[in-house]
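> What follows is a predicted protein model with its sequence.
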Amino acid sequence: ETGVTQTPRHLVMGMTNKKSLKCEQHLGHNAMYWYKQSAKKPLELMFVYNFKEQTENNSVPSRFSPECPNSSHLFLHLHTLQPEDSALYLCASSQTSGSNPWDTQYFGPGTRLTVL
Amino acid sequence: AQSVSQHNHHVILSEAASLELGCNYSYGGTVNLFWYVQYPGQHLQLLLKYFSGDPLVKGIKGFEAEFIKSKFSFNLRKPSVQWSDTAEYFCAVNADSSASKIIFGSGTRLSIRP
């Protein structure tokens, strides 16, 4: 499955570091998403981009900064994170339309982030 | 606030047993409903979805789900499970008044004894 790729797959960082997560979709979709998956908690939607425009910021702290330079690429810039930010960060993409803004999402493998 | 509840956190079944995983949501309007599955070591992927029409939806690998509006439920079923169904299952809901939001349940881990 190479539709949605994410790099790196694992990341360990200190609280003062700055790092970025990268997502790329090869499906020709027009929407991309960042999710956070923590142990024993529901998958949390963080950001939504439609046609490169951010349409949703789900009350995410400013230490997470998304960037969507084009409809195929999505980044999540991280700085001064906290240990509780340790989680699996999933990227997804979908093809949206006016009648179905939410259709099937295709997920990447995720980046396992550990903040020390 | 809208929410999605999956009351079974871990279900253990023997092969050939019948499966029903519960999903309840709290929203009174029109909803789009999804079940996603994550097999061990694999990506999260769509199992089935309901947007409108027949409330009994058939998905891949013999799974089906029934939307019961009066019960705010979208339970997942399979008449006879296989060892390969071992996975984590997530219910998700998008309410049409929140076009940019989707809410996932906390997931149900299904373990099948061979």
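That came in fine, so what should we check first? Residues are numbered from 1 along each chain as shown, chains lettered A, B, ... in the order given.
> what does chain B put close to chain A?
B:4, B:32, B:34, B:36, B:42-46, B:49, B:51, B:90, B:92, B:94, B:99-107 (Cβ under 8 Å from any Cβ of the partner chain). All C-beta atoms are positioned from the backbone trio N, CA, C, and that covers glycine.
> Give me the below-cutoff pLDDT ranges for chain A.
A:1-2, A:52, A:98-102 (pLDDT under 70).
> Next, the residue nearest to B:Leu44 when sequence neighbours are not counted: phi, psi?
Counting by Cβ to Cβ, 6 or more residues apart in numbering or on different chains, B:Leu44 lies nearest to A:Phe107, which is 4.1 Å off, once chain neighbours are set aside. Taking degrees, to the nearest 10, you get phi -100, psi 150 for the backbone angles of A:Phe107.
> Extract the residue ranges of chain B that are flagged as low pLDDT.
For chain B, the stretches with pLDDT under 70 are B:1, B:96-100.
> residue boundaries of the strands in it?
Taking DSSP state E, the strands of chain B run over residues B:4-5, B:10-14, B:19-21, B:24-25, B:31-38, B:44-50, B:56-58, B:64-68, B:73-78, B:87-95, B:103-104, B:108-113.
> hmm, back to that, quick one, which of the residues of chain B next to chain A are buried?
By neighbour count, with 16 or more other Cβ atoms under 10 Å in any protein chain shown, the residues of chain B next to chain A hold B:4, B:32, B:34, B:36, B:43-46, B:49, B:51, B:90, B:92, B:94, B:99-100, B:102-107 as buried.
> Show me which residues of chain A sit near chain B.
Contacts of chain A with chain B, taken as Cβ under 8 Å from any Cβ, map to A:1, A:4, A:40-45, A:48, A:50, A:55-56, A:58, A:90, A:92, A:100-109.
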